[in-house]
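Peer 1: The following block contains a protein sequence and its predicted model.
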Amino acid sequence: MHKVDPIQIMLSDIFDKVFYKLASNVKKCPDCDGDGEVEIEVPRPHNVNRDIGVLDAKKVQCETCDGYGKVEIEDE
């Protein structure tokens, strides 16, 4: 017969409560659309002898979600 380990059941219950509670209180970040990164424009000089430059794109960590892609839902 299989023995039931009370510690395993307790840890499983705690994990379920924490995991499912956190999962229900978060949503996809609206700024990065869940990617954790946003694309910003970076000015780059075109040439040393010319004033004309270009705007280049660069991916950086999203400041809203700190790169996690998810934000916590605030209680109202």
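Peer 2: It's in. Residues are numbered from 1 along each chain as shown.

Peer 1: Could you pull out the strands in the chain for me?
Peer 2: Along the chain, the stretches classed as strands by DSSP state E are 26-28, 37-47, 50-61, 70-72.

Peer 1: From the opening residue of stretch 27-39 to its closing one, how far?
Peer 2: 20 Å (CA to CA, to the nearest Å).

Peer 1: Quick check: buried residues in that stretch?
Peer 2: 29, 32, 36, 38 (16 or more other CB atoms under 10 Å). In this view, the C-beta of every residue, glycine as well, is placed from N, C-alpha and C.

Peer 1: Of these, just say which sits nearest to residue 55.
Peer 2: Among the buried residues of stretch 27-39, residue 38 lies closest to residue 55 (CB to CB), at 15.2 Å.

Peer 1: In this structure the closest one contacts residue 60, no?
Peer 2: Yes - under the criterion of CB atoms under 8 Å, residue 38 makes contact with residue 60 at 6.3 Å.

Peer 1: what about this protein, any weak spots by pLDDT?
Peer 2: Low-confidence segments of the chain (pLDDT under 70): 1-2, 16-24, 48, 50, 75-76.

Peer 1: how about 80 then?
Peer 2: Applying pLDDT under 80 to the chain flags the ranges 1-6, 9, 12-26, 46-52, 74-76.

Peer 1: burial of the residue lying closest to residue 37 once chain neighbours are set aside, as a residue count?
Peer 2: In space, and not counting its chain neighbours, residue 37 is closest to residue 59: 4.6 Å by CB to CB, 6 or more residues apart in numbering. Other residues lying near residue 59 total 12 when counted by other CB atoms under 10 Å.

Peer 1: beta partners of residue 59?
Peer 2: Under DSSP bridges, the beta-bridge partners of residue 59 are residue 39.

Peer 1: which residues sit in contact with it?
Peer 2: By CB atoms under 8 Å, 6 or more residues apart in numbering, the contact set of residue 59 is 37-40.

Peer 1: quick one, which of the strands of the chain is nearest to residue 11?
Peer 2: Short answer: strand 26-28, nearest of the strands of the chain by CB to CB, at 22.5 Å.

Peer 1: Could you name the helices and strands sitting against that closest one?
Peer 2: Packing partners of strand 26-28 (3 or more CB pairs under 8 Å, 6 or more residues apart in numbering; DSSP states H and E): strand 70-72.
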